[in-house]
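*Asks:* Sequence unavailable; structure follows:
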């Protein structure tokens, strides 16, 4: 038995703690991968140090040298041919639906049939499940790509998704532990594959030592012991011994379903253009809403009944003082539990609402500032002519305040436009999300994909900047 | 026309008006003079309800009566009636910058009295002619001189046909060269029998008055005919 040797650096293994049980949980102290990492580090005479990052970005972190290995449910595919260890687990894709769902009994039931709306199926971004569904079901389903496993299960539990496809360890652990017992696993599984550990291509020696350690753990029963304690050892794993003793790397595998074809640029650009359209839709719908709401809040805060004022102050401060991302999560995952009709609304509605609410707070502050900056004499002059309060505000004060608020209000438009990208967290397929999805399938094409996406953003935001400059000029010059 | 009795007003703990009593007769030009901070502008602003006051009473004509409210606001409907009876011209003109000269003059009749556009426009033209601004109907305030702006402001206040016109240091913000054009307009108004109260530092203007009240530290200290 080897022990951690002083002077040897810790084994930095990349993972995403949001993946949760049974992989990694309880603040990175439990999970079969935590124990596996501990076992490997021990075999290498090092200590184990988990390094947290976004799951789909782990290979990049590895390449940049911030990690030694990636060990977090990474499914083998041919793109990892030269950097993967021997398999440490054989997973299958499982289909999870609501217990009351009698529509979906087999995988084929996911396909849309004549005129019926498409089934909504959630997957984890960049997962083998995503690639499998894209390939095998394509346009027949409405694929929702999420960042977070437990949110995806939750949406199935709330019947806002028809199904989710997950690797069996996640599903086997999560489904029986679901608090409301709302979920069931279908018996039929698909697309068996291997979890592998990723290394840098040049770290040949490390890779070989990891392979040796895994073989040892398989033969002496260490791995079986770890997996069994999480209920994950099954008949499939008995074949691990066979696979781990094959000469791994560079050798074609039986499993062909998950290989990715080279990028089809015409199709990729079509997807990006469509997503750019969604981005424009989000911005165009939310901007006027934010402005109108902001105006209303500002006017009520200044001139409305005094009981409303603390509420509106709270409204502005809460929305300005919390991240848009959190607000979108709250709107999309929480609010529909209490407002049932929202459940069936398309996701982009939530994006529009979130952006509008978030920006209404800063718009309200711009308008309020403009109102407060007007000389008091304007209001007094209007009153002295015998106008009522509201007439004075409507005809004399508001038009001037709106005009002087134009520069800051239109500045927000460009900021809002860029913030549409945050809607990707609720799986709205806008431009940034689409970029990320393409990137996950074609990691070698990062540079051209980034360049095209950035150009599309610029082509939209630059005209917007010109329009706002124009508005600003008119407002200032037109006095 | 206006009877002010025992007016008391505080700003916080500071007493600004310490029991002011005055009587203003219809058709007269009344001047109120005195050092800065003596309370004369505050007195004027109490008369058209821009400020509330603590004690005392202001009776305007036969039917309107503002009472001391101990700092609370006056009833809104009463204020509307008072302001349609009492017009006000400010030191800083306070023209509406987003309106042209004629739109400024039409603002009261259109937005406070609900007159038709045609009616208000005709009246506004007459008023602007009267203050010598026939050429400037469609000028924006920012393109007018101070004297011209103040004359538009006088026309604007006159447009709601007030019984009384209040002038709060109407020439104090003007270049000396422009003072004359504004005082000429005011002199004409006085001659036509418009009831006017003018708060001023300008001795020439005060000399035109039928009666001059002198204020110091929140009290009227002397009243009488102007010294010629």
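*Replies:* Ah, there it is. Keep in mind that this is a model prediction, so the values were computed, not measured.

*Asks:* I'd assumed residue A:385 was in contact with residue B:107.
*Replies:* Yes. Residue B:107 lies in contact with residue A:385 (C-beta atoms under 8 Å); the separation is 6.1 Å. (C-beta placed from N, C-alpha, C; glycine too.)

*Asks:* Between the two, which contacts overlap?
*Replies:* Counting by C-beta atoms under 8 Å, 6 or more residues apart in numbering or on different chains, the common neighbours of residue B:107 and residue A:385 are B:156, B:159.

*Asks:* ok, which stretches of chain B are helices?
*Replies:* With DSSP state H as the criterion, chain B has helices at B:40-47, B:76-85, B:101-107, B:117-130, B:146-158, B:176-191, B:203-207.

*Asks:* burial measure for residue A:354, as a count.
*Replies:* When neighbours are counted by other C-beta atoms under 10 Å in any protein chain shown, residue A:354 registers 28.

*Asks:* That one in helix, strand or coil?
*Replies:* Of the three states, residue A:354 takes helix according to DSSP: H, G, I helix; E, B strand; the rest coil.

*Asks:* if I read this right, it contacts residue A:328, doesn't it?
*Replies:* Yes. Here residue A:354 reaches residue A:328: they are 4.3 Å apart, a contact under C-beta under 8 Å.

*Asks:* Out of the helices of chain B, which gets nearest to chain A?
*Replies:* With C-beta to the nearest C-beta as the criterion, chain A lies closest to helix B:76-85 of the helices of chain B, at 3.9 Å.

*Asks:* and that closest one with helix B:40-47, angle?
*Replies:* Helix B:76-85 and helix B:40-47 are oriented at 120 degrees to each other (axes from the mean of the first three to the mean of the last three C-alpha atoms, to 10 degrees).

*Asks:* Touching helix B:76-85 from outside, list them.
*Replies:* A:383-386, A:388-389, B:48-49, B:60-61, B:64, B:66, B:112-113, B:160, B:162-164.

*Asks:* Could you rerun that using 7 Å?
*Replies:* With contact meaning C-beta atoms under 7 Å, 6 or more residues apart in numbering or on different chains, helix B:76-85 is reached by A:383-386, A:388, B:48-49, B:60-61, B:64, B:66, B:112, B:160, B:162-164.

*Asks:* would residue A:13 count as being in a strand?
*Replies:* Yes. Residue A:13 sits within a strand when classified using three-state DSSP.

*Asks:* Format the helices of chain B as TSV; extra columns: mean pLDDT, mean neighbour count and distance to residue A:336.
*Replies:* Output for the helices of chain B, formatted as TSV (pLDDT from 0 to 100; neighbours: other C-beta atoms under 10 Å in any protein chain shown; distance: least, C-beta to C-beta, whole Å):
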stretch	mean pLDDT	mean neighbour count	distance to residue A:336
helix B:40-47	94	24	55
helix B:76-85	92	17	44
helix B:101-107	96	25	49
helix B:117-130	95	17	51
helix B:146-158	96	26	55
helix B:176-191	91	17	66
helix B:203-207	84	16	71
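
*Asks:* is it possible to export those helices to CSV including distance to residue A:137?
*Replies:* Output for those, formatted as CSV (distance: least, C-beta to C-beta, whole Å):
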stretch, distance to residue A:137
helix B:40-47, 76
helix B:76-85, 67
helix B:101-107, 65
helix B:117-130, 66
helix B:146-158, 72
helix B:176-191, 82
helix B:203-207, 89
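
*Asks:* tell me which of the contacts of helix B:76-85 is nearest to residue B:36?
*Replies:* residue B:48 (20.8 Å; C-beta to C-beta).

*Asks:* which non-adjacent residue is nearest that closest one?
*Replies:* Nearest non-adjacent residue to residue B:48, counting by C-beta to C-beta, 6 or more residues apart in numbering or on different chains: residue B:86, 4.4 Å away.

*Asks:* Number of residues surrounding the one you found?
*Replies:* Around residue B:86 there are 27 residues (other C-beta under 10 Å).

*Asks:* so residue A:86 is in which element?
*Replies:* Counting by DSSP states H and E, there is no helix or strand that carries residue A:86.

*Asks:* ok, now how distant is it from residue A:62?
*Replies:* The spacing between residue A:86 and residue A:62, counted by C-beta to C-beta, to the nearest Å, is 18 Å.

*Asks:* what's the burial count for the nearest residue to residue B:95 once chain neighbours are set aside?
*Replies:* In space, residue B:95 comes closest to residue B:141 once its chain neighbours are excluded; the distance is 4.1 Å by C-beta to C-beta, 6+ apart. Neighbours of residue B:141 under the rule other C-beta under 10 Å: 20.
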